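Trainee: Give the three-dimensional model of this entry:
(chains A and B)
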Protein chains: 2
Amino acid sequence: MPQRVIVLGADGYLGWATALHLSAHGHDVVAVDSLVRRGWDRECGTQSLIAIRTMGQRVKLWHALTGHSIAWRRLDVCDAVGVRRLVAETQPDTLVHFAEQRSAPFSMIDLPHAVMTQVNNLVGTLNILFALRDHAPQAHLVKLGTMGEYGTPNIDIEEGFIVISHNGRTDRLPFPMQPGSFYHLSKLHDSHNIQFACRVWGLRATDLHQGVVYGARTNEISIHAGLSTRFDYDAIWGTVLNRFCVQAAVGLPLTVYGKGGQTRGFLDIRDTVACIRLALNNPPSAGEYRVFNQFTEQFSVKSLAEKVRDARAANRLPTSIVHLPNPRVEREQHYYNAKHQKLLDLGLQPHYLGDTLIESMIELIEQHASRVDPVVLELPNVDWRRGGTPDWKREKGPDQVEPVDVVSPRRHGRRSTPATDWRPPARLAQTR
Amino acid sequence: MPQRVIVLGADGYLGWATALHLSAHGHDVVAVDSLVRRGWDRECGTQSLIAIRTMGQRVKLWHALTGHSIAWRRLDVCDAVGVRRLVAETQPDTLVHFAEQRSAPFSMIDLPHAVMTQVNNLVGTLNILFALRDHAPQAHLVKLGTMGEYGTPNIDIEEGFIVISHNGRTDRLPFPMQPGSFYHLSKLHDSHNIQFACRVWGLRATDLHQGVVYGARTNEISIHAGLSTRFDYDAIWGTVLNRFCVQAAVGLPLTVYGKGGQTRGFLDIRDTVACIRLALNNPPSAGEYRVFNQFTEQFSVKSLAEKVRDARAANRLPTSIVHLPNPRVEREQHYYNAKHQKLLDLGLQPHYLGDTLIESMIELIEQHASRVDPVVLELPNVDWRRGGTPDWKREKGPDQVEPVDVVSPRRHGRRSTPATDWRPPARLAQTR
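Mentor: This next block holds a predicted model:
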């Protein structure tokens, strides 16, 4: 059954790929984004390896190529009034929510970035929950969460809930969570807020705890270069395998943080869009909050680097692996076994990572090699203990306070702009 | 050993009692508050049953009566620069953090109140965490959380962490949480942020998951009427036993929400201040995040109402109990067994609830009976499913949006003021 679907965050890496995929499958898609990510790129001195067209251009091209229409609306989900109008006017069957600040390093730069990440993500999601309650209570919220909410417990990770027996009694309870950055924490806070809204207001939601995504192409994106989605490879926005492939393509060593024993769930971008379609086609009951762990394979970071190296070696292209001091605070040798059965049960047919995919990614990257900026492949410039490197901020005493520009310093010279004293509007905290 | 202690939220019910108690025990106290709570009272049409003096007057009186000095500073913890300066200048041994919006009904009125509660509480706590990291990393953060973070699981509630054995492996993990309002969720979000900061930055914190507090007097407050702390009894700010005692004192029926089988942990205000002193005297190690369940006895709401009725009956004062439709979404018959051993191990000597205490509370209330406003003892005006009653808001279509004044409508007539479009500052969500 075709559905009316709102995709929030449709200008992003996965949001755009999802909007196309759902449109190709006959759904009536409204694509929404504030375009903030393009602004953060300008401020961070980063850019997508693959040039991307404007939303307007891409939507028009999609229509010209396929006859499918995607409605494009610029809107910030932190605009409560705009979100309420959008939901009331669209009356969506499903709302897919990608519209969050999604970089862990970005959230760890300093206090303003931590605050911005948590406030932006929580307020956007609260706006959506209240709009659904009041104007589309039957709609299905598909929320992008992260496997990073779980951390790395020493027991098997279940899909959202675990049955615990304790002192002779038993209950099914939310799986204990140990997120590893202010960004990952924001996703956990969202998860709790959404779960509560389902319980109290009878909303229905699927929380997709997604692993690390790799790849640049889906069936739809492959139709035309003008439909490309963004592809990040820098230390702030890039995911690890994409970054390794770029390093390999330009002949640089693959940089592993610490020992590289950090194990995570991974998936191909083609599986991301399929998972969302499967969730959408199989909605939960009214009042149900469910979690799917959305990944297809587990790898350690070191084993991924070795896969890339080996794929290159098969083509007689030697690639080295170097270990950098880990800027993150995380276990580098740990148990990791996360369940990921529910999406398979709904029919997911995974694209597993193989040498062929790695080679085709590297070939694609080579076509865009002139856009690779070696500077952003250098040492990571955000540390979990100390925050951003000095380039991100001035030295400061108690009176020379942290810069509170909520966007990153400009690239050139990476000098910060004069501090402005950001604080929540006075009414937030105080009435007179 | 006397410590330098910052008490944030020192104008509140428990913050003021704590500041006095720590000062009486020889600690060097800096009392900090934005006074926002007095503003919320004006906006909600509520007031403390017991008149309270200004912070300046109370601090001066305390000094005159005892010779102890409390330094008083007005500051909003959402002011990042102010918090940083406060911590850098004071160099506290301990920072006690009460400075949050702490009413569940207030957070459930509508979207703006939910957003304000979560943003206010999270941003304040993030400001404190970064200030401690940069300027007092050895200081001990004592954070007031709530037993409401746990919800009502069907297993015994442990103190913050639980050992889980699953598929042949075992780990000690955060206790699964199911908070019951946007306020309680904000406390859980704080707990996760604080736990992360301890792990990543080596901070030390005690998260006091406190039960429902009753009583109006500590040893220090009893010295002089001018030292009184606030005493709330309305449906927004009042805790249940305090409210029952006010109803009994003025001859109104005791109003139980639903069946009254809701069971919670309770404690006397004298035990609150003792618990904080015990936590302060026994700090955790660097990097340690610990949770104490801070209550002394469990009661169901119905059994509390019966205790009040029986205490009155012994004085031949008949009191009736009525059951109202429950405005909250919560289980009304459930298992509840929460551990609360750690503070006893540190030496807490509980004041258990007895008829004598109930009678003395009611006697105290009778002295202030002329200030009781029967209107605020009427039906609760916030419902968990629908939000505030119509008095809190206009009827609205998608274009007549929810009022976004982040403070409550004024009391008289309880009409809302014209909506202003609050949203986070543009820079929060978007760069150009």
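Trainee: contacts, neighbours, all on C-alpha from now
Mentor: Noted.
Trainee: okay, the angle between the longest helix along chain A and helix B:111-135?
Mentor: When every helix of chain A is counted residue by residue (DSSP state H), the longest turns out to be helix A:111-135. Interaxial angle, helix A:111-135 versus helix B:111-135 (axes from the mean of the first three to the mean of the last three Cα atoms, to 10 degrees): 160 degrees.
Trainee: From the contact counts, what lies against helix A:111-135?
Mentor: Here helix A:111-135 touches helix A:80-90, helix A:104-107, helix A:182-201, helix B:111-135, helix B:426-429, going by 3 or more Cα pairs under 8 Å, 6 or more residues apart in numbering or on different chains; DSSP states H and E.
Trainee: my guess is A:Arg53 meets A:Arg230, correct?
Mentor: No. Using Cα atoms under 8 Å, A:Arg53 is not in contact with A:Arg230, being 9.4 Å away.
Trainee: these two touch, right, A:Asp110 and A:Thr389?
Mentor: No. Applying Cα under 8 Å, one finds A:Asp110 not in contact with A:Thr389, separated by 10.0 Å.
Trainee: More neighbours: which of these two?
Mentor: For A:Asp110 and A:Thr389, the more surrounded residue by other Cα atoms under 10 Å in any protein chain shown is A:Asp110, and the numbers stand at 25 against 14.
Trainee: Please name the nearest non-neighbouring residue to that one.
Mentor: Distances taken as Cα to Cα, 6 or more residues apart in numbering or on different chains place A:Gly387 nearest to A:Asp110, at 5.5 Å, with adjacent residues excluded.
Trainee: tell me the pLDDT at the one you found?
Mentor: With respect to pLDDT, A:Gly387 scores 94.
Trainee: what are the bridge partners for it, then?
Mentor: Note on A:Gly387: beta-bridge partners by DSSP bridges are A:Asp383.
Trainee: Surely it and A:Pro112 touch.
Mentor: No. Using Cα under 8 Å as the test, A:Gly387 is too far from A:Pro112 to be in contact (11.1 Å).
Trainee: Looking at the two now, which is surrounded by more residues?
Mentor: Taking other Cα under 10 Å, A:Gly387 and A:Pro112 do not tie; A:Pro112 has more neighbours (24 against 20).
Trainee: Check the offset of the longest helix of chain A from the chain's centre.
Mentor: In this view, helix A:111-135 has its centroid 16 Å away from the chain centroid, taken as Cα atoms, centre = their mean, to the nearest Å.
Trainee: Then stretch A:231-248?
Mentor: Worked out by Cα atoms, centre = their mean, stretch A:231-248 lies 14 Å from the chain centre.
Trainee: quick one: contacts of it?
Mentor: A:13, A:46-50, A:103-106, A:212-216, A:253-255, A:301, A:304-305, A:308-309, A:312, A:319, A:358, A:361-362, A:365, A:372, A:376-377, A:380-381 (Cα atoms under 8 Å, 6 or more residues apart in numbering or on different chains).
Trainee: got the buried residues for it?
Mentor: By 16 or more other Cα atoms under 10 Å in any protein chain shown, the buried positions in stretch A:231-248 come out as A:231-248.
Trainee: Return the mean pLDDT over it, rounded to an integer.
Mentor: Mean predicted confidence for stretch A:231-248 is 94.
Trainee: In helices, which of the buried residues of stretch A:231-248 fall?
Mentor: Counting by DSSP H, the buried residues of stretch A:231-248 place A:Val240, A:Leu241, A:Asn242, A:Arg243, A:Phe244, A:Cys245, A:Val246, A:Gln247, A:Ala248 in helices.
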